[in-house]
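In: Sharing a model prediction with you, sequence too.
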Amino acid sequence: LDYAYTRRGELLRESAKFHKSIFSAQAPRFLKEAYSAQLSALARQSWLAKDGKFGVWEGSGCCCGLGTTDVAHYGSWLYASMFPELEKEAIRLTAKFQRKDGWIAHALSGSFNRIDGYHRKDMNMQFVLSAWRDYFLWQDRGFLREMYPKMKKAITGALAWDKDGDSVPEVRGAEQTFDAWNMQGCSIYVGCLWLGSLKAAAAAARVMGDKKFADDCEWLAGAARDTLVAKLWNGKYFLLARDGKKTDE
């Protein structure tokens with residue numbers, strides 16, 4: 001309090017300068033608002049350990065965890081672009097706990113040393129998209145080289161969830177970010193993330209010189225797109241989720 005009172009003028013000037021630097025930038029208004037809105041969460045809910053481990057706590061009170069994969073996917077733009085070393089530590093922690101079958105954890109459970117047991121099928125896709133976004137922002141080939149085996153394993157692991165051979169992983173119940181909704185079969189949310197992650201994985205594979213995997217991902221993306229249209233497009237809009245191929249509801 002004493003610090004803020006005695007340096008009030010300087011703090012106001014620097015805060016105004018920082019605000020102006022964001023909103024005078026040559027970027028879409030929505031993106032500038034997204035950056036500025038995330039500052040409060042970064043200041044109030046981020047954790048940085050002495051050994052460099054970093055994570056942002058989702059929610060408030062006992063909910064919900066550190067470094068939540070789905071929330072980090074859309075909520076980490078600020079520190080990914082402004083503090084890349086923090087984002088590297090956060091995504092490395094996510095990658096560290098990847099299982100042998102490719103499964104990506106939902107969150108760190110109140111500690112940097114353990115994960116929760118919440119199984120969600122969109123985590124793999126969001127991890128791949130976040131890792132590719134980070135490379136796209138930083139053009140850091142060393143980072144991409146580090147993440148690429150994890151990205152590849154996440155894609156192949158998610159493909160194993162496709163039980164009916166339509167090139168899109170199915171969902172059964174509340175195992176995606178709409179976690180209070182019971183969905184069955186083909187989901188447009190998971191399906192679109194799957195399409196995006198396949199395209200990201202293909203791009204990463206090309207940078208890494210892995211032509212076969214890049215071609216495989218491109219082929220899968222085309223097949224998955226056709227499935228989403230066949231199963232979920234009803235002529236006017238995409239259904240949220242359903243089993244089967246009917247499009248008359």
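Out: Everything's here; your move. Residues are numbered from 1 along each chain as shown.

In: any idea which element the most centrally placed residue in the chain lies in?
Out: Using Cα atoms, centre = their mean, the residue of the chain that lies closest to the mean C-alpha position is residue 73, 2.5 Å off. Using DSSP states H and E, residue 73 falls within helix 69-75.

In: Kindly report the same for residue 136.
Out: helix 123-138.

In: List the neighbours of that helix that are in contact with it.
Out: The contact list for helix 123-138 (Cβ atoms under 8 Å, 6 or more residues apart in numbering) reads 69-70, 72-73, 76, 80-81, 84, 87-88, 91, 94-95, 102-106, 140-141, 143-144, 147, 150-151, 154-155, 157-158, 190, 193-194, 196-197, 200-201, 203-204, 207. Just so you know, the C-beta spots here come from the backbone N, C-alpha and C atoms, and that holds for glycine as well.

In: mean confidence score for the helix or strand just after it?
Out: For helix 123-138, the following helix or strand on the C-terminal side (DSSP H and E) is helix 141-159. Mean pLDDT, computed over helix 141-159, is 98.

In: among the contacts of helix 123-138, which ones are buried?
Out: Neighbour counting over these (16 or more other Cβ atoms under 10 Å) leaves 69-70, 72-73, 76, 80, 87-88, 91, 94-95, 102-106, 143-144, 147, 150-151, 154-155, 157-158, 190, 193-194, 196-197, 200-201, 203-204 as the buried ones.

In: And the helix or strand of the chain with the lowest mean pLDDT, what's buried?
Out: Least confident helix or strand, the chain: helix 29-45 with a mean of 82, by mean pLDDT, DSSP states H and E. Of all the residues in helix 29-45, those buried under the rule 16+ other Cβ under 10 Å are 35, 38, 41, 42.

In: Find the pair from the residues you listed with maximum spatial separation.
Out: Across those, the longest distance by Cβ to Cβ is 11.5 Å; it joins 35 and 41.

In: Next, the angle helix 123-138 makes with the longest helix seen in the chain.
Out: Longest among the helix segments of the chain by residue count, using DSSP state H, is helix 211-232. Calculated by axes from the mean of the first three to the mean of the last three Cα atoms, to 10 degrees, helix 211-232 forms an angle of 120 degrees with helix 123-138.

In: Give me the distance between the residue lying closest to residue 158 once chain neighbours are set aside and residue 50.
Out: Distances taken as Cβ to Cβ, 6 or more residues apart in numbering place residue 124 nearest to residue 158, at 4.3 Å, with adjacent residues excluded. Separation of residue 124 from residue 50 (Cβ to Cβ, to the nearest Å) stands at 31 Å.

In: same check, this time on residue 128
Out: In terms of Cβ to Cβ, residue 128 sits 30 Å off from residue 50.

In: Please say which of those two ends up with more neighbours.
Out: More crowded of residue 128 and residue 50, by other Cβ atoms under 10 Å: residue 128, with 30 against 5.

In: ok, now which ones touch the residue lying closest to the more buried one once chain neighbours are set aside?
Out: Excluding its sequence neighbours, the residue lying closest to residue 128 (Cβ to Cβ, 6+ apart) is residue 197, at 4.1 Å. Contacts for residue 197 (Cβ under 8 Å, 6+ apart) come out as 124, 125, 126, 128, 129, 154, 155, 158.

In: Give me the spatial nearest neighbour of residue 213, chain neighbours excluded.
Out: residue 205 (4.3 Å).

In: Run through the protein and note the low-pLDDT ranges.
Out: Where the chain drops to pLDDT under 70, the residues are 61-62, 244-249.
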